[in-house]
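>>> Curious how this folds, go ahead:
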Amino acid sequence: MKMLVALILWALLLVLCWPLALLLLFAWPILWLLSIPFRFFATVMAAMLALVGAILFLPARLLGHRHL
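Predicted coordinates for the structure are as follows:
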């Protein structure tokens, strides 16, 4: 569904401003490649925060507290 919406928006942009649409068509893969390290960093940070949360709540879990 996202792809269909993106295609429709790009086609609308192509009709309204074709140079910008073509620039977007060629720049999108480059921008996607540049975003890979940031997505990797976000995944690592989410994992680290989950680890810290698990370590902080370990004593409560060992004492039998149940999360609602």
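
>>> quick one: pLDDT of residue 66?
Predicted confidence (pLDDT) for residue 66: 74.

>>> same check, this time on residue 21
pLDDT, read off for residue 21, is 92.

>>> Counting neighbours, what do you get for it?
Counted with other CB atoms under 10 Å, the neighbours of residue 21 add up to 16. Bear in mind the C-beta positions are built from the backbone N, C-alpha and C, glycine included.

>>> Helix or strand for it, just tell me which one.
Assigned by DSSP states H and E, residue 21 belongs to helix 18-62.

>>> If you count contacts, what does that helix end up packed against?
Judged by 3 or more CB pairs under 8 Å, 6 or more residues apart in numbering; DSSP states H and E, the packing partners of helix 18-62 are helix 2-16.

>>> orientation of the helix it packs on relative to helix 18-62 in degrees?
With axes from the mean of the first three to the mean of the last three CA atoms, to 10 degrees defining the directions, helix 2-16 sits at 150 degrees from helix 18-62.

>>> Using PDB, write out every CA atom in helix 2-16.
Coordinates of each C-alpha in helix 2-16 appear next as PDB, following Å, rounded to 0.1, in the frame of the first residue of the first chain:
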ATOM      1  CA  LYS A   2       2.900   2.400   0.800                       C
ATOM      2  CA  MET A   3       4.500   1.700  -2.500                       C
ATOM      3  CA  LEU A   4       1.200   2.500  -4.400                       C
ATOM      4  CA  VAL A   5       0.900   5.800  -2.500                       C
ATOM      5  CA  ALA A   6       4.500   6.600  -3.200                       C
ATOM      6  CA  LEU A   7       4.000   5.800  -6.900                       C
ATOM      7  CA  ILE A   8       0.900   8.000  -7.100                       C
ATOM      8  CA  LEU A   9       2.600  10.900  -5.400                       C
ATOM      9  CA  TRP A  10       5.700  10.600  -7.700                       C
ATOM     10  CA  ALA A  11       3.400  10.500 -10.700                       C
ATOM     11  CA  LEU A  12       1.700  13.600  -9.500                       C
ATOM     12  CA  LEU A  13       5.000  15.300  -9.000                       C
ATOM     13  CA  LEU A  14       6.100  14.200 -12.500                       C
ATOM     14  CA  VAL A  15       3.000  16.000 -13.900                       C
ATOM     15  CA  LEU A  16       3.500  19.100 -11.800                       C
END
